[in-house]
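Undergrad: I need the structure of the sequence given here:
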Amino acid sequence: MKIWVNEQIDPSGMIHACIACCDESQAQECHESFKKDLTQIQKANGWVAQLRTVDSWDLVPVNALKLN
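TA: Next up, the predicted model:
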């Protein structure tokens, strides 16, 4: 099973927002929203919106909103 994980990460590597789901199109929409929500100042300071896949719910960060 492929699980899509969206994360907003600060310059120190701390995850501030995380949503995981199994639907690729939903994940892509979420990723675009995460990128859009970052301010220019945040981007300049090193914040990133990251989209990645994992193969198990056990590999999703515990603080993630998990959508089925």
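Undergrad: where along the chain do the strands fall?
TA: Under the criterion DSSP state E, the chain contains strands at 3-9, 15-21, 48-54, 65-67.
Undergrad: name the residues that touch the first one?
TA: Strand 3-9 has contacts (Cβ atoms under 8 Å, 6 or more residues apart in numbering) with 15-24, 26-27, 30-31, 34, 37-38, 47-57, 59-61, 64. For every residue, glycine as well, the C-beta is placed using N, CA and C.
Undergrad: show me how to select, in PyMOL, the buried members of those.
TA: The buried residues among the contacts of strand 3-9 can be selected in PyMOL (16 or more other Cβ atoms under 10 Å) with this line:
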select buried, resi 17+18+19+20+21+27+30+31+34+49+51+60+64
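Undergrad: which neighbours does the lowest-mean-pLDDT helix or strand in the chain have in its sheet, and in what orientation?
TA: Within the chain, no helix or strand scores below strand 65-67, which has a mean of 86 by mean pLDDT, DSSP states H and E. Note on strand 65-67: by DSSP bridges, its sheet partners are strand 15-21 (parallel).
Undergrad: would you mind getting the angle between the strand it pairs with and strand 3-9?
TA: Interaxial angle of strand 15-21 relative to strand 3-9 (axes from the mean of the first three to the mean of the last three Cα atoms, to 10 degrees): 160 degrees.
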